[in-house]
Structures are given as C-alpha cells and as structure tokens.
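Participant: got a predicted structure plus its sequence, pasted below:
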Amino acid sequence: MAKVKGAIVVDTEICKGCEICMPVCLDNVISMSKEVNRKGYHYPYMSDPEACNGCTNCALVCPDRAITVYRVKV
Amino acid sequence: MEILDIIKSENQVFCKTKLMTDTALSYCPGCGHGTVHNIIMEVIEEMGIVEDTIGVAPVGCSVLAYEFMDIDMTQAAHGRAPAVATAITRTWPEKYVFTYQGDGDLAAIGTAETIHACNRGENIVVIFVNNGIYGMTGGQMAPTTLPGMQTSTSPYGREIETMGSPLKITELVANLPGVYYVTRHAVHTHKHARKAKKAIRKAFENTRLNKGLSFVEIVSNCNAGWKMNPIESNEWMVDNMFPYFPLGDIKVNGKLK
C-alpha cells in the first residue's frame, strides 16, 4: 500500500501545545507528550511513527510552524 | 526504515519559511493569526516578490506583525491601514502592497477607510482576519460578533434589537465596482489552509496584473476571547460562525457569484 514514509520533527520550544495538529492527522500518528517545554506546554510527538506518510497536514495548520516534515519513497 | 534515515535535509518537504523571523509569535496557543501570517509569507516566498512587497500592520492582536514578518512593513493608525496602503501603492505602483487587519480594525474603526479604498479600487491586497471579537483588548463585542454571543461588553449575549446585526463587510465591499476579487476562507484544517493559501496567491497575482483591490477574509478563532480551548473554539467556529459567514468566493474577476 503505502509507498512513502514520513516523519515529523517538532521544535518543542516554540510549540504552544494547542493540539490543532492532532485532529488533522488522518493516520493518528500524533500524541501529546507528558513532558512540557520551558513555557510549560505539552508538545506533540510521533506515537505511531510507522503510520506517518509525510502528508504535511499537521505542519500546515500549526500556527507557530513548529513542525518540520520529512518524506521518503520506499 | 529507521526514523533517522528519513530525517535528512534531502527528504525535507515542509519547514517554516525563512520570511518568518525567529521571534516567538505573541498569539495565544491555537490562534489562527499565526497560520495566516505563515501562509502569507509562504505565498510571497513562492512568488519571489520578497523585495517588492510592503505590508501594513494594523492595531489589534496583529499589531506586532512587523516583528514576525521579515519583509518591509509599516504600521498604520487604528483602522487606517487601507489609507496608508493607498499612499504606498500610489507612490510605488510597481510594489505589492497588502494590509493585514482584524475585524475590529477593518470593520469598526476603519470602516470608512476600508469602504473608500475598496470603492476607489486601489491596487492592494486586504487580508481580513475575522474572529468576531476584539481579542487584544479583552474580548469586547465587535461589529462581527454573532447574535447571542457572550462577550465582556455583551455579557447576556448580543441583542439584535439594541446592538444591531453582525456586519457582513465582505459582502458589502463585494458590491463595490472597484473590488476585483472577494473571497472568504478559514485555516483551521489542512484543507481550508490550502484553499486559503491559493486564494491569497490569487490576490497577489491580481496585484501583479494591476486589476484592483483583492479582499480575502479569513474566518478565524479567538479561543482566549471565546473562553474555550483551541479545538473547542474551532468546532464552535464551524458550528456558529460558518452559517453566518459562509466560506467560498463572493466575487471573482470582478463578477459577483
């Protein structure tokens, strides 16, 4: 099926923990971490990295553009 | 494949545009302003008009827009951004001039400037972020506040009898002959953000072709002013704001839809 694999890198220090990236991730890759950054916000991480296809949906809705997306063809 | 094999610079497909400075955005978590800022800067970068673009920041939450956007910016008095943009575009007709305004700025204090700049058909782009409230000053009622919506100055909800109906300024300016392109979008999901980006790109291309004023409204959330969390505020926006402010093109190529 999926012939692309993706990954996201979150700039945890500029993330404000708004969680808008979670509902737009159609493959439910993103969860919020238990840890907080220096501002005290929980930040997203890839809880299911195998499912990520690098669609960039999460990065597009991130108001602070804290997410960088990588994609590679397998 | 390991994650570290994917995270390499040659595989990067999306990152923050270089036209946004490293200054942390001053907006509340989940506010649509950040997304709109980034989309405008991405469009300017993609079109390669960085050196030729001048932005006019308003008064409101986005008053510090010039701190975040790494292009030439100026600051206008409250509501007067279209008047300042008129002066800039008439002095440098070849430049791309845009104003970035909220609903309190554009639809209340600057109504005269907005309507007359639209009526004159100045060759500028007006980005209008509508969240139905005065966000910066503590959530007071704005002209675009919905009927029955509670704000700090309408604690029992907006009453139509005494406070009037929400002002649909986008529909109002669409009827003016000088306006070439009027559209309404949102940025709360990836689909809407992509459509909004296309619309903003089209607006800047209209400026390139000297077509007249392009007016792009973005219906956004104000989770702090609405007293909700970001996800709830986006759901509330879909349920309540969109029926009153329907998304889509209102005027394309000078013709009403």
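Facilitator: Structure's in. What do you need?

Participant: quick one: buried residues of stretch A:33-42?
Facilitator: Burial within stretch A:33-42, assessed by neighbour count using 16 or more other Cβ atoms under 10 Å in any protein chain shown, is assigned to A:Ser33, A:Asn37, A:Tyr41, A:His42. C-beta here means a position set from N, CA and C on the backbone, and glycine is covered the same way.

Participant: I meant to write stretch B:72-87 there.
Facilitator: B:Met73, B:Gln75, B:Ala76, B:Gly79, B:Arg80, B:Ala81, B:Pro82, B:Ala83, B:Val84, B:Ala85, B:Thr86.

Participant: can you redo those residues as a markdown table with secondary structure?
Facilitator: Conversion of these to a markdown table gives the following (DSSP: H, G, I helix; E, B strand; the rest coil):
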| residue | secondary structure |
| --- | --- |
| B:Met73 | strand |
| B:Gln75 | strand |
| B:Ala76 | coil |
| B:Gly79 | coil |
| B:Arg80 | coil |
| B:Ala81 | helix |
| B:Pro82 | helix |
| B:Ala83 | helix |
| B:Val84 | helix |
| B:Ala85 | helix |
| B:Thr86 | helix |
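
Participant: among the buried residues of stretch A:33-42, which ones are in strands?
Facilitator: Under the assignment DSSP state E, the buried residues of stretch A:33-42 contribute A:Ser33, A:His42 to strands.

Participant: near chain B too, which of the buried residues of stretch A:33-42?
Facilitator: Restricting these to those near chain B by Cβ under 8 Å from any Cβ of the partner chain leaves A:Tyr41.

Participant: relative to B:Phe204, which of the buried residues of stretch A:33-42 is nearest.
Facilitator: A:Tyr41 (33.5 Å; Cβ to Cβ).

Participant: contacts only, for the nearest residue to that closest one once chain neighbours are set aside.
Facilitator: Among residues not flanking A:Tyr41 along the chain, A:Gly17 sits closest, at 3.3 Å (Cβ to Cβ, 6 or more residues apart in numbering or on different chains). Contacts for A:Gly17 (Cβ atoms under 8 Å, 6 or more residues apart in numbering or on different chains) come out as A:Met32, A:Val36, A:Asn37, A:Tyr41, A:His42, A:Tyr43, B:Pro29.

Participant: let me know the pLDDT of A:Gly17.
Facilitator: At A:Gly17, the model reports a pLDDT of 94.

Participant: same question for the one 5 residues further on.
Facilitator: Per-residue pLDDT puts A:Met22 at 94.
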